[in-house]
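Undergrad: Predicted model, plus sequence, below.
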Amino acid sequence: MSGYEERRRSQAERDAITVEIGYALFSAVFAAAVLFGAVAGPALLFELPPLAEKVTLRTGLVLAPLVFLVRVVSVLVRFRGGGQPSHPGRTSPDS
């Protein structure tokens with residue numbers, strides 16, 4: 001296994017990952033629902049011409065899943081790449 005050391009994650013690390021996944025999913029569902037409501041809402045609430053209604057509904061149905069995926073990926077990538085933030089003037093816990 002060239003350079004890869006397998007190590008067990010602590011309970012705190014597993015809990016942090018679980019919370020971050022939950023946050024990513026919840027915030028992505030919220031963002032997708034808000035976007036869908038903003039784009040397709042007028043078609044659902046008001047009587048629009050058939051073409052406008054069709055376009056707004058389909059646009060909402062295409063954009064909502066895209067926003068969901070982008071949000072989940074961006075939150076999880078930021079969590080994975082973030083590491084521990086530096087604290088100027090404080091001693092690092094691993095020093």
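TA: Structure's in. What do you need? Residues are numbered from 1 along each chain as shown.

Undergrad: alpha carbons only for contacts and neighbour counts from here, please
TA: Fine.

Undergrad: secondary structure class for V34?
TA: Assigned with DSSP: H, G, I helix; E, B strand; the rest coil, V34 falls in the helix class.

Undergrad: so where is this protein shaky, pLDDT-wise?
TA: The chain contains residues with pLDDT under 70 at 1-6, 81-95.

Undergrad: I would like the residues contacting stretch 37-54, please.
TA: T56, L57, R58, T59, G60 (Cα atoms under 8 Å, 6 or more residues apart in numbering).

Undergrad: among those, which are in helices?
TA: Of those, the ones assigned to helices by DSSP state H are T56, L57, R58, T59, G60.

Undergrad: I'd like to know how many residues surround the first one.
TA: Around T56 sit 20 other residues, with neighbours defined as other Cα atoms under 10 Å.

Undergrad: Could you find the closest non-adjacent residue to it?
TA: Closest residue in space to T56, ignoring its immediate chain neighbours: A40 at 5.1 Å, by Cα to Cα, 6 or more residues apart in numbering.

Undergrad: Got phi/psi on that neighbour?
TA: phi -90, psi -10 (degrees, to the nearest 10).

Undergrad: V73 versus that one, what's the distance?
TA: Going from A40 to V73 by Cα to Cα, to the nearest Å gives 24 Å.

Undergrad: of these two, who's got more company?
TA: More crowded of A40 and V73, by other Cα under 10 Å: A40, with 21 against 15.

Undergrad: The helix or strand containing A43: which residues count as buried?
TA: Assessed by DSSP states H and E, A43 sits inside helix 11-45. Neighbour counts using 16 or more other Cα atoms under 10 Å place 20-21, 24-25, 27-29, 31-33, 35-37, 39-41, 43 of helix 11-45 among the buried residues.

Undergrad: Pull the distance from it to the chain's centre.
TA: Relative to its chain's centre, helix 11-45 lies at 6 Å (Cα atoms, centre = their mean, to the nearest Å).

Undergrad: how distant is the helix or strand hosting R80 from the center of its chain?
TA: Here R80, judged by DSSP H and E, is contained in helix 50-82. When C-alpha coordinates are averaged (Cα atoms, centre = their mean), helix 50-82 and its chain have centres 10 Å apart.
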